[in-house]
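Asker: below are the sequence and a predicted model for it; my questions follow.
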Amino acid sequence: MTHTVCEPCYDCKYTDCVAVCPVECFYQDEKMLYIDPADCIDCEACVPECPVEAIFAEANVPAQWASFTPMNAERSTALKDAGEGHITEKGDAQEGPECKKKG
């Protein structure tokens, strides 16, 4: 099983989760983060670190965000193949106009 970054991350890129990932399986594009399911070891270290509660175990992805599971696989693979977007350290938060931050 893997973990999936879902809709709450869209245009709300916080990278707290990246800093705790022991296998460096996160990728990013201009709108959000993605987890590479081939590299994720299902350790759950990233889940409590996400301030917008966007990361779920694959089996627990809410139905309305089911499309994010294949999206994470496709986008992380495309970014990896292009040699782009690999992120391994926490950076500055990026809150775009579509960010729906809780609190």
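Answerer: Done, it's in. Numbering: from 1, shown residues only.

Asker: state the next helix or strand along the chain beyond the longest helix seen in the chain.
Answerer: In terms of residue count, the longest helix belonging to the chain (DSSP state H) is helix 68-82. Downstream of helix 68-82, the next assigned helix or strand under DSSP states H and E is strand 94-95.

Asker: which other residues reach that next one?
Answerer: Asp11, Cys12, Lys13, Lys101 (CB atoms under 8 Å, 6 or more residues apart in numbering). Any C-beta I mention is one placed from the backbone N, CA and C, and that applies to glycine too.

Asker: for this structure, which spans come out with low pLDDT?
Answerer: 102-103 (pLDDT under 70).

Asker: right, and the helix or strand after the helix or strand containing Thr4?
Answerer: Taking DSSP H and E as the definition, one finds Thr4 inside strand 3-5. Following strand 3-5 in sequence order, the next helix or strand is strand 12-13 (DSSP H and E).

Asker: quick one, what contacts the residue lying closest to Leu33 once chain neighbours are set aside?
Answerer: Nearest in space to Leu33, with sequence neighbours left out and distances taken as CB to CB, 6 or more residues apart in numbering, is Val5 at 5.1 Å. Taking CB under 8 Å, 6+ apart as the criterion, Val5 is in contact with Met32, Leu33, Tyr34, Ile35, Ala54, Ile55, Phe68, Asn72.
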